[in-house]
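**Q** how would this look folded up:
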Amino acid sequence: MKRLEQLDQILRDRRSPITVEQLMDQLNCSKATVYRRINELKTHYQAPILQDDEHRYYYDKQANFALPGIRFSAEEAQGLLMAADILNKLQGDKLSAPIARIIEAISELLANQGITNQKLIQFIPTLVRKPQPAIFLSVLTALQKTKKLQLAYRSRQGKHSERLVSPQHLSYYKNNWYLDAWCHRQDGLRLFALELIEQAAVDPEKAYILDKQLLREHYANSYGLFAGKADNTARIRIDLSKAPWVNNQIWHSQQKTISHDKHSLVIEIPYHHSGELLSDILQLGSAAEIVAPTKLREQIRQELEHSLKHYVSPP
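**A** Numbering: from 1, shown residues only. Below is the predicted model of the structure:
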């Protein structure tokens, strides 16, 4: 039963299909055993296991399925732990009683899964950029009341501008807050880092709200927070001997695995803006190589050359 639970959890946690070879590595078993466990899950427990055109396995996320005795997934456990941590840090005179009741309920849920000592689990935020509290509240108010916002904004390059925007939604991404909004000056969808908003005032005019499907397509089709229509595809080769953790790393919901063995992994990722993608590739150092397109290879070569200039002579 333990290996069945492991297989169930792997498929539940994955955001993209998984190969038999990857399952063999994670379950530490033979190919025949993987097939037996998959068949057992499908036949005896009616697990919603599907296959794509490349014979990779995945769960039908629309199906309401759970193995007997399993109450929630690893992702749900992580979410509850994070919620408890945030609520503990929020407690104050006005909120202490209601927050304490919520924390108690979360603790009870976690205890049912055997997680009884939350003090052993620590969340350490890094590179956090906090927005001004008044600005954060103005943005929330405009979102909830479907109103436009008057913004005074300073870009990362220090350029100041006045904007009239229609907020679409607020995102918390890599420990920081971002506002997705329709900019009426630029007549297009733009992203605003909340810590760079210097002033924010709720406008009496009704906000212009984009079609939800258009928003989903805008953010789902290409890599990173800035998204946009995917008009490029990056092909990246990963040396798994140097970065084996990438084997289980999801870069994008629409990524494709071009080739894979125990030594290397080649993936394709759709993108529009290259900045964030280049930053994430650079974090892998020599373990990653951009195979295509040529323009992206040249961008990362230039970036590496500029960085190298800092180290050609003593400081």
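
**Q** where are the low-confidence patches of the protein?
**A** Counting by pLDDT under 70, the chain shows low-confidence ranges at 1-2, 68-74, 89-97, 112-114, 124-125, 217-228.

**Q** residue contacts, the closest residue to residue 174 other than its chain neighbours?
**A** Of all residues not flanking residue 174 in the chain, residue 127 sits nearest, at 7.5 Å (CB to CB, 6 or more residues apart in numbering). In short, each C-beta sits where N, CA and C put it, glycine included. Applying CB atoms under 8 Å, 6 or more residues apart in numbering to residue 127 gives the contacts 174, 175, 176.

**Q** So residue 127 belongs to a helix, correct?
**A** No - under DSSP: H, G, I helix; E, B strand; the rest coil, residue 127 falls outside any helix and is assigned coil.

**Q** What are the phi and psi values at it?
**A** Dihedral angles of residue 127 (phi, psi; degrees, to the nearest 10) stand at phi 50, psi 40.

**Q** quick one, helices of the stretch 201-315 of the chain?
**A** Along the stretch 201-315 of the chain, the segments classed as helices by DSSP state H, counting those that start in this stretch run 212-220, 275-282, 294-308.

**Q** related to what we said a few turns ago, is it possible to export the contacts of residue 127 to a markdown table including neighbour count, distance to residue 207 and secondary structure?
**A** Rendered in a markdown table, the data for the contacts of residue 127 read as follows (neighbours: other CB atoms under 10 Å; distance: CB to CB, whole Å; DSSP: H, G, I helix; E, B strand; the rest coil):
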| residue | neighbour count | distance to residue 207 | secondary structure |
| --- | --- | --- | --- |
| 174 | 12 | 26 | coil |
| 175 | 11 | 27 | coil |
| 176 | 17 | 23 | strand |
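
**Q** For residue 251, state which of those residues is nearest.
**A** Of all those, residue 174 has the smallest distance to residue 251: 14.0 Å, by CB to CB.

**Q** which residues touch residue 131?
**A** Per CB under 8 Å, 6+ apart, neighbours of residue 131: 177, 194, 195, 197.

**Q** picking that back up, how close does the residue nearest to residue 174 sit to residue 195?
**A** 11 Å (CB to CB, to the nearest Å).

**Q** Find residues that contact each of the two.
**A** Residues touching both residue 127 and residue 195 (CB under 8 Å, 6+ apart) are residue 176.

**Q** Just name the closest of the contacts of residue 131 to residue 235, please.
**A** Nearest member of the contacts of residue 131 to residue 235, counting by CB to CB, is residue 177, at 32.6 Å.

**Q** On the three-state scheme, the closest one is what?
**A** Going by three-state DSSP: residue 177 is strand.

**Q** Could you list the alpha-carbon positions for stretch 270-288 in PDB?
**A** Provided in PDB are the C-alpha atoms of stretch 270-288 (Å, rounded to 0.1, in the frame of the first residue of the first chain):
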ATOM      1  CA  PRO A 270       7.200  29.000 -24.600                       C
ATOM      2  CA  TYR A 271       8.000  32.600 -23.700                       C
ATOM      3  CA  HIS A 272       7.400  36.200 -24.700                       C
ATOM      4  CA  HIS A 273       9.600  38.300 -22.400                       C
ATOM      5  CA  SER A 274      13.000  36.800 -22.000                       C
ATOM      6  CA  GLY A 275      14.200  38.600 -18.800                       C
ATOM      7  CA  GLU A 276      12.800  36.300 -16.200                       C
ATOM      8  CA  LEU A 277      13.600  33.100 -18.200                       C
ATOM      9  CA  LEU A 278      17.200  34.200 -18.600                       C
ATOM     10  CA  SER A 279      17.500  34.900 -14.900                       C
ATOM     11  CA  ASP A 280      16.200  31.500 -13.900                       C
ATOM     12  CA  ILE A 281      18.500  29.800 -16.400                       C
ATOM     13  CA  LEU A 282      21.500  31.700 -15.100                       C
ATOM     14  CA  GLN A 283      20.800  30.400 -11.600                       C
ATOM     15  CA  LEU A 284      21.600  26.900 -12.800                       C
ATOM     16  CA  GLY A 285      25.100  28.000 -13.900                       C
ATOM     17  CA  SER A 286      27.000  25.600 -16.100                       C
ATOM     18  CA  ALA A 287      24.300  22.900 -15.600                       C
ATOM     19  CA  ALA A 288      22.000  24.700 -18.200                       C
END
